[in-house]
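A.B. asks: no FASTA, just this:
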């Protein structure tokens, strides 16, 4: 079995990875993404320069489960202009100023008539909110509450140069082939406009993970999927049902660059290998981390974990959605995202992959009593002081003691308190000594 | 499926119910109940004026499992009279003064000879204890410790005008028919004489629950059973064995009017639907409540939960038996019972019934991805601020996500932290939208 | 079924047992034990004077699983002598001074050349460490760090009059036959030289347990096994594989005489009857006790709990190995071991045996409702005050309520909070009253 070992050198590289990811994120930030359209395609193209991407366009009107792929939305310009000539909520300055999927508009109205179409956040008066109306034809502008309150009375010209037309929705995938056709699915939504943590952070982490794996041999096949939230994941699921049985583990990546601790949200099942691997790694290696129960709210885990799909798929974020004040506002900008937390998120994912790759059942080939490790160079020869047995030594004992063909490496990690990484290395050493082998019939998929 | 929804209006009616229950309890208080006899029959007759009751008389001498229905006991008068003519422990003033099932007596003896037949409570010197001797022929008097200590020396005439004779034991039942023949059994013991909380409180709460349900359509059939403690429940069980397989859930009601918090005591199995429903309701809606493990001590759950009967039957009380100083004494009088806690106990039972009625498995009819709630009017149309999703909205998501045909509404309530009531209403809305239906093969009976 | 009842009289005898065990331990202390050899045989002979022992000699060179029985080691003399004539690390004064299995030596060398062969404990400068080199030919001396630092410069004569030669390894067993051929295996390692707690304490406790049981009738057969650590248990296992299927429960005894609290370390399975019985007794009767999870480190549970053997075998110690500073040093001498803790350890084992002996499933022969205990003399006849029901009464109710043929006495002990001993006595009373019997098909072996 191939072993993906995330050693000290890779851990040390996380800081430089974070800097590179932040630079990529800065490039992507200004693009006007939505659930369809040119900004979304430009984003996919830029990511495709990092790792090869297969791009699929799904036509508007395609039925996808209970939904229909919507018409495409394009926008060139939007603002409101006071009769004095002063302009406000200018799309060109910040794409959040226009409500997503706003219908075209060129008219004049009083401030009072305009007001129901203006969105602001009274509690965060300096942030522009992120608002959209994908499925109900509507239009509107978003601005800071401070600016909203300072709008002069009088007539306003309202301009939205948008188009809504039959087009397509863009999906992008990168597949890294492992020795097995069983897959780990990594999903990041790519539909939010100028919001850096939500979810350029997820996009850049996923892209750099893909780049890293492309230089490695792995057991699992890794599928990286970039798609719009909700409608995008639903569209992919509806058009890839034959792929689903191959997916053994999955992870939704979002909000990976803020300053908060890592949070893992469990899959619907709650005790799949991905749940155990992710929490094992987070608890052991990133002690401030927190574990969240599954709920049918959040990001695209809602779709992947719907009852008719039910993939063993969890979610990794730092501060969860809705729990930081910059969430879904202009405050979620490039400065809100930190290179070092991007790098740490990337490393956490790799260690989760390491645990999943090593998580199989082994058989101790000398199972009666302990084998004599000393004559194999695996034990100190002059004993007597047992108080400082190092983790490496204990990992050998744990792997031997528990490897009865049905206990997996993650089981052993949980029982022993040792990291999956150190146990994975013990398994390599014991296999080299002829004391251990992978169980012939692998329990590949834990319920 | 019929839905029993306990809404805000019913909750608001609990206070008035409490006042009505307390008035009924006052009427019942003076009657001289025992495990057989006239006072027991008078009690049953008064309850029968509230809801129709089927009364069964089981003759003395009938074999009931390991027991025999005892002879009937009647009493007209009892007292002790000092040679000075002063009377003490007069039955006519308080029926607790005579030991239950005292044999007839008309004799004279010294205080010293009398003393072994006098019962008092040194630690609660102002309370008359409740004592009986159902199965060993004996006689005695109960009085306050203060009075006992003040008894003058000398001769006493001892008078007990009682009769013990072949008669019968009285059982009373009210059955509310639901759409299913599966039953919920509600039991309250009715054998204690002038003790208000133990168990006139249980009797009046059960009676008013029966009256409430008689105006409602329900899924379950509800059987309300009033019988003497121990021998009464054993007699009913022995003479109704064919009914037992229909009983899906059960609740023993007692001590429901004191000022303490609600206590639910688990069934013998400990994780039946009644256990989960009761504790779900109490924890969520009556936060001071406490959960007690099963033990083979207490009230008639001892019989219903004996190994050869083993009904899924828990017990609801406020302060448990033996944990308040008025327990089994004259201190447990009408003033010890509060209208407001009677009303709250009544409401708690209804909410437990609501949870049991709604607790079934549903099937999401659009299980792949989330269905588009917006076009069905079940979702806000212009999104963007996800932080204040109300419970009603979340209840829809939870019901949809979990309804795979084998997860019940109580499972969902426990996972989500939402109340069974709000989930029951979400189930109604989703069924109306064609998104949900009750699973065809219902898991009616959880082990 | 035979009942082993450990009553108050036996508990009271524990102190005297402790004194007797300590006296035996003092006798055994000076013998030069190792994993083979004369000192080991002398130890076994002395224990055989207390209880009959079957002694087996397994020849050097015998293959035992992954190991080979080593050559025998004998030693008569060892010291280092400075050119001034002063001697240090004299074996005759303390057998810990020579490294176990040191090869013969008679040579002269400088202190600098000698130094790599000298072992001391800088952190405990007054203790001589215990060091051995069983499987790699080597030699050396152990001394206090204080003495090591005071060694004068110059030439040293190094004398070790040892022999390493084909001989045998000594195993000793005592079997107490019960009414069943199912066994409880008690293991104590006997290979450490002058270390009192490790493991003369285990040897004397096991020996006195065997002596006690020899005067009792029991349900289980008890096998007491004394053998060298690691190679001894492996040798016994390899040469007694046909015995293993009879072993239902097992206990490794070591470190039972220090002043610390009792510690039970769980078996590999973690929830066998021995695990539940041991922890039930310790938690209930010795409240300072602590429960340790299984780990593949420690004493011979490592062998008994290897995956190809996998016996349901736990370990009882007081302070665990490596957690007291005297561990594996000259500080672990006869004064470090206390008669009272030896006695308490002995009593704890007996109570664990009591629980295991009584742990079976019973059937309530009057399972519908409670049987009428009053007419059988098992219940107070004039009731009314239920607050002070004593444990004996509750034990009757618990046994009756739970005895459905598949719930064992340990299950009932855990649910009820009552001790296994009081439940065992209730089972006797109820069997005598014809209300209870042992389930015909016993669940003898819980997984």
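C.D. replies: Structure received. Because the structure is a prediction, the values reported are computed rather than measured.
A.B. asks: residue boundaries of the helices in chain A?
C.D. replies: A:8-28, A:38-48, A:111-114, A:145-150, A:201-213, A:231-239, A:273-285, A:301-304, A:339-358, A:391-402, A:409-416, A:420-432 (DSSP state H).
A.B. asks: Okay, residue A:53 and residue B:169: tell me how far apart.
C.D. replies: Distance, residue A:53 to residue B:169, using C-beta to C-beta, to the nearest Å: 82 Å. Bear in mind the C-beta positions are built from the backbone N, C-alpha and C, glycine included.
A.B. asks: related to what we said a few turns ago, now mean neighbour count, distance to residue C:421 and mean pLDDT too, for the helices of chain A, in TSV please.
C.D. replies: Below are the helices of chain A laid out as TSV (neighbours: other C-beta atoms under 10 Å in any protein chain shown; distance: least, C-beta to C-beta, whole Å; pLDDT from 0 to 100):
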stretch	mean neighbour count	distance to residue C:421	mean pLDDT
helix A:8-28	16	55	97
helix A:38-48	19	70	98
helix A:111-114	14	84	97
helix A:145-150	14	73	97
helix A:201-213	26	60	98
helix A:231-239	24	61	98
helix A:273-285	22	41	97
helix A:301-304	26	53	98
helix A:339-358	24	46	98
helix A:391-402	22	34	94
helix A:409-416	21	32	97
helix A:420-432	21	42	94
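A.B. asks: Just want the residue of the stretch 301-447 of chain A that's nearest chain B.
C.D. replies: residue A:308 (3.0 Å; C-beta to the nearest C-beta).
A.B. asks: burial measure for that residue, as a count.
C.D. replies: Residues within reach of residue A:308, counting by other C-beta atoms under 10 Å in any protein chain shown, total 13.
A.B. asks: mind listing what the spatially closest residue to it that is not a sequence neighbour touches?
C.D. replies: In space, residue A:308 comes closest to residue B:367 once its chain neighbours are excluded; the distance is 3.0 Å by C-beta to C-beta, 6 or more residues apart in numbering or on different chains. For residue B:367, the contact set (C-beta atoms under 8 Å, 6 or more residues apart in numbering or on different chains) comprises A:306, A:307, A:308, A:309, B:403, B:404.
A.B. asks: Residue A:41 now?
C.D. replies: Counting by C-beta under 8 Å, 6+ apart, the residues that residue A:41 touches are residue A:170.
A.B. asks: could you measure it against chain B, distance?
C.D. replies: 23 Å (C-beta to the nearest C-beta, to the nearest Å).
A.B. asks: what does residue A:22 give?
C.D. replies: Distance of residue A:22 to chain B, computed by C-beta to the nearest C-beta: 26 Å.
A.B. asks: Skipping its backbone neighbours, what lies nearest that residue in space?
C.D. replies: That would be residue A:339: by C-beta to C-beta, 6+ apart, it lies 4.3 Å from residue A:22.
A.B. asks: Looks like that neighbour contacts residue A:14 (just checking).
C.D. replies: No - assessed by C-beta atoms under 8 Å, residue A:339 is found out of contact with residue A:14, at 9.9 Å.
A.B. asks: where in chain A is pLDDT low?
C.D. replies: A:1-2, A:380-389, A:441-447 (pLDDT under 70).
A.B. asks: Quick check, central residue of it?
C.D. replies: The centroid of chain A falls nearest to residue A:253 when counting by C-alpha atoms, centre = their mean (0.9 Å).
A.B. asks: Spatially nearest residue to that one (excluding sequence neighbours)?
C.D. replies: Spatial nearest neighbour of residue A:253, excluding adjacent residues (C-beta to C-beta, 6+ apart): residue A:202 at 4.0 Å.
A.B. asks: so the one you found touches residue A:186, yeah?
C.D. replies: No - Residue A:202 is beyond contact range of residue A:186, at 9.2 Å (criterion: C-beta under 8 Å).
A.B. asks: Show me what the residue nearest to the centre of chain A is bridged to.
C.D. replies: residue A:316 (DSSP bridges).
A.B. asks: re earlier: more crowded one of residue A:53 and residue B:169?
C.D. replies: residue B:169 (26 against 20).
A.B. asks: Chain A versus the more buried one, what's the distance?
C.D. replies: Note on residue B:169: its distance to chain A, by C-beta to the nearest C-beta, is 52 Å.
A.B. asks: and that residue, what is it in contact with?
C.D. replies: Shown in contact with residue B:169 (C-beta under 8 Å, 6+ apart): B:35, B:36, B:57, B:58, B:60, B:69, B:70, B:72, B:228, B:231, B:232, B:235.
A.B. asks: That one bridge partners, please.
C.D. replies: Applying DSSP bridges, one finds that residue B:169 bridges with residue B:58.
A.B. asks: for the one 4 residues further on, same thing?
C.D. replies: Beta-bridge pairing of residue B:173, defined through DSSP bridges, involves residue B:54, residue B:225.
A.B. asks: Centre of the chain to stretch A:245-256, how far?
C.D. replies: 7 Å (C-alpha atoms, centre = their mean, to the nearest Å).
A.B. asks: Same question for that stretch: list its buried residues.
C.D. replies: Neighbour-count burial for stretch A:245-256, counted by 16 or more other C-beta atoms under 10 Å in any protein chain shown, picks out A:247, A:248, A:249, A:250, A:251, A:252, A:253, A:254, A:255, A:256.
A.B. asks: what's the nearest residue to the second one if we skip its chain neighbours?
C.D. replies: Ranked by C-beta to C-beta, 6+ apart and with sequence neighbours excluded, the top spatial neighbour of residue A:248 is residue A:182, at 4.6 Å.
A.B. asks: Can you report how many residues lie near the one you found?
C.D. replies: Neighbours of residue A:182 using other C-beta under 10 Å come to 17.
A.B. asks: how close does it sit to residue A:357?
C.D. replies: 11 Å.
A.B. asks: what does residue A:30 give?
C.D. replies: In terms of C-beta to C-beta, residue A:30 sits 37 Å off from residue A:357.
A.B. asks: quick one on the thing from earlier: wait, the residue nearest to residue A:248 sits on residue A:246?
C.D. replies: Yes - in this structure, residue A:182 is within contact of residue A:246 by C-beta under 8 Å, at 6.0 Å.
A.B. asks: what do the two both touch?
C.D. replies: Residues touching both residue A:182 and residue A:246 (C-beta under 8 Å, 6+ apart) are residue A:221.
A.B. asks: Pick out the residue in the stretch 51-200 of chain A sitting closest to chain C.
C.D. replies: residue A:180 (26.3 Å).
A.B. asks: can you tell me how far that residue sits from residue A:248?
C.D. replies: 9 Å.
A.B. asks: shared neighbours of these two, which are they?
C.D. replies: When contacts are counted by C-beta under 8 Å, 6+ apart, residue A:180 and residue A:248 have residue A:220 as shared neighbours.
A.B. asks: Residue A:284 - nearest residue in space that isn't next to it in sequence?
C.D. replies: Using C-beta to C-beta, 6+ apart and skipping the chain neighbours, the partner closest in space to residue A:284 is residue A:419 (5.2 Å).
A.B. asks: how many other residues sit next to that neighbour?
C.D. replies: 19.
A.B. asks: surely it meets residue A:283?
C.D. replies: No - using C-beta under 8 Å, residue A:419 is not in contact with residue A:283, being 10.1 Å away.
A.B. asks: Common neighbours of the two, please.
C.D. replies: Residues touching both residue A:419 and residue A:283 (C-beta under 8 Å, 6+ apart): none.
A.B. asks: joint contacts of residue A:202 and residue A:186?
C.D. replies: Common contact partners of residue A:202 and residue A:186 (C-beta under 8 Å, 6+ apart): residue A:253.
A.B. asks: rewinding a little: show me the common contact partners of residue A:182 and residue A:357, please.
C.D. replies: With C-beta under 8 Å, 6+ apart, residue A:182 and residue A:357 have common neighbours residue A:220.
A.B. asks: List the residues that contact residue A:425.
C.D. replies: Contacts of residue A:425 (C-beta under 8 Å, 6+ apart): A:5, A:392, A:395.
A.B. asks: Test my guess that the second one contacts residue A:421.
C.D. replies: The one in question is residue A:392. No - look at residue A:392 against residue A:421 with C-beta under 8 Å: they stay out of range, at 11.2 Å.
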